[in-house]
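>>> Coordinates for the following, if possible.
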Amino acid sequence: MSAPQKITYREALREALRAALTADPRVFLMGEDVGRYGGCYAVSKGLLAEFGEARIRDTPLSESAFTGAGIGAALGGLRPIVEIMTVNFSLLALDQILNNAATLRHMSGGQVSVPLVIRMATGAGRQLAAQHSHSLENFYAHIPGLKVVAPATVTDARHMLAAALADPDPVIMFEHVMLYNAEGELEPVEAVPLTGAAVRRPGKDLTLITYGGSLPKALAAAEQLAADGIAAEVIDLRCLRPLDDATIMASVRRTRRAVIVDEGWRSGSLAAEISARIVEQAFYDLDAPPARACSAEVPIPYARHLEDAALPQVADIVAAARGVLGRG
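You can find the predicted model right below:
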């Protein structure tokens, strides 16, 4: 058996786009700077020359307009991939996503579907300051009618797009900005599921639950805890709507303690939803209340040392873990 291929997250996404465009003539990519510029994060670099302007479409700076065009194309039988440069810009298209993409199947009594994929960069860590460093995954995970995924590994980045395009309903795909340069081994699989969490590291003493750009931090925290004889299980949610309650609860019932790591703000966060579900479903299995490691309740600062201080870091995850174990 050949050794697993080592590639970057960015390259995995590009391979996924290339494979989708090659396999299905209905697929096209549209968004700001996806063509001639090659994408804000260079994910679509080279695809314009390969597939032409009909398949790689640069759009005007109007998120509402081109997201609406993507919805219309999906209704017309195509398989559009809409790229929104960063998650904060998606708020300009929220009406299209919430009131059209997510609702048309329901409002038509199941007569129409919207097979649309919307990709967007999310998260902080690149000193892009308060207006371009949001983690708003919980906004979209709140909306019925959407599936919301956050691939955190190169394998998931490579294969989740195909699963998203095969789904008859709209899928939001979040790509954390700090993962684009990250390297990993591309596992020799042909597909990954669109739903369901993955246990990235087994353990028996507590469960660390996270997703997207926080997965590497959770794994690093588990390594530090292991040095102290603490075996932390790490769950990568992968899909944020629907959440995989079964995997979460099975782990928490076994370890009896949980820490949720979420780059979103603590108030109203996805971590809050997961904590509530654990309490509702596994309260009597817990030996300690669930803990959360989230971003500080401030607009994300520009200065590097302040940005680092505002985000959940490995030390914060370790401290939270030790806290639920009574070793703080």
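>>> Distance-wise, check the spatially most central residue of the chain relative to A141.
Ranked by distance to the mean C-alpha position of the chain (CA atoms, centre = their mean), the top residue is A150 at 1.8 Å. Relative to A141, A150 is positioned 9 Å away (CB to CB, to the nearest Å). Backbone N, C-alpha and C define where each C-beta goes, glycine included.
>>> so what's in contact with those two at the same time?
L240 (CB atoms under 8 Å, 6 or more residues apart in numbering).
>>> coming back round to it: surely the residue nearest to the centre of the chain touches H176?
Yes: the pair A150 / H176 is scored as a contact, 7.4 Å apart, by CB atoms under 8 Å.
>>> Which residues are in contact with each of those two?
122, 212.
>>> nearest residue to R55 other than its sequence neighbours?
Closest residue to R55 apart from its sequence neighbours, by CB to CB, 6 or more residues apart in numbering: F28 at 4.6 Å.
>>> Which residue comes closest to L136 once chain neighbours are left out?
Spatial nearest neighbour of L136, excluding adjacent residues (CB to CB, 6+ apart): V87 at 5.0 Å.
>>> Check P299 too.
Per CB to CB, 6+ apart, closest to P299 is A130, 3.6 Å.
>>> Which residues does stretch 123-132 contact?
Residues outside stretch 123-132 that contact it (CB under 8 Å, 6+ apart): 86, 88, 133-135, 176-178, 212-213, 263, 295, 299-304, 307, 310-311.
>>> Mark which of these are part of helices, please.
88, 304, 307, 310 (DSSP state H).
>>> Okay, strands next: where are they in the stretch 201-328 of the chain?
206-210, 232-236, 239-241, 258-265, 291-295 (DSSP state E, counting those that start in this stretch).
>>> partners of the longest one, with directions?
Same thing as strand 258-265. strand 206-210 (parallel), strand 291-295 (parallel) (DSSP bridges).
>>> Let me see the residues that make contact with the last one.
Meaning strand 291-295. Under CB under 8 Å, 6+ apart, the answer for strand 291-295 is 124, 135, 258-266, 269, 271-272, 275, 310-312, 316-317, 320-321, 323-324.
>>> C-alpha coordinates for that strand, CSV please?
Output in CSV follows, covering the C-alpha atoms of strand 291-295 (Å, rounded to 0.1, in the frame of the first residue of the first chain):
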residue,chain,number,x,y,z
ALA,A,291,-16.9,23.6,30.6
ARG,A,292,-16.4,25.9,27.7
ALA,A,293,-13.3,27.5,26.1
CYS,A,294,-14.5,30.3,23.9
SER,A,295,-13.3,33.6,22.6
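>>> ok now it, how far from the chain's centre?
Chain-centre distance of strand 291-295: 17 Å, with CA atoms, centre = their mean, to the nearest Å.
>>> what do you get for stretch 207-221?
Centre to centre, stretch against its chain (CA atoms, centre = their mean), the figure for stretch 207-221 is 12 Å.
>>> if we can go back for a sec, spatially nearest residue to the residue nearest to the centre of the chain, not counting backbone neighbours?
G212 (4.0 Å).
>>> residue contacts, that neighbour?
G212 is in contact with 122-123, 137, 150-152, 174, 176, 179, 263, counting by CB under 8 Å, 6+ apart.
>>> Just say which of the strands of the stretch 201-328 of the chain is most tucked in.
Ranked by mean neighbour count under mean count of other CB atoms under 10 Å, the strands of the stretch 201-328 of the chain are led by strand 206-210, which reaches a mean of 29.
>>> For the closest residue to E15 other than its chain neighbours, which residues are in contact?
For E15, ignoring the flanking residues on the chain, the nearest one in space by CB to CB, 6+ apart is R158 at 5.7 Å. By CB under 8 Å, 6+ apart, R158 lies in contact with 12-13, 15-16, 186.
>>> gap between the two ends of stretch 53-68?
19 Å (CA to CA, to the nearest Å).
>>> all helices of the protein, in order?
Counting by DSSP H, one finds helices in the chain at the ranges 9-23, 47-51, 63-75, 87-90, 94-95, 104-107, 137-141, 154-166, 215-227, 245-255, 270-282, 304-310, 314-324.
>>> So for G35, which of these sits nearest?
helix 47-51 (4.2 Å; CB to CB).
>>> Pull out the buried residues from that closest one.
47-48, 51 (16 or more other CB atoms under 10 Å).
>>> Could you export that helix as CSV, CA atoms only?
These are the backbone C-alpha positions of helix 47-51, laid out as CSV (Å, rounded to 0.1, in the frame of the first residue of the first chain):
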residue,chain,number,x,y,z
LEU,A,47,-9.1,26.8,-12.3
LEU,A,48,-10.1,29.6,-14.7
ALA,A,49,-7.5,28.6,-17.2
GLU,A,50,-8.5,25.0,-16.9
PHE,A,51,-12.3,25.3,-17.0
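>>> model confidence over it, on average?
Taken as a whole, helix 47-51 carries a mean pLDDT of 98.
>>> Would you map out the domains in the chain?
5-186, 198-324 (automatic domain parsing).
>>> tell me what the helix-or-strand element of the chain with minimal mean pLDDT is packed against?
Among the helices and strands of the chain, strand 5-8 carries the lowest confidence by mean pLDDT, DSSP states H and E, at a mean of 92. Judged by 3 or more CB pairs under 8 Å, 6 or more residues apart in numbering; DSSP states H and E, strand 5-8 is in contact with strand 183-186.
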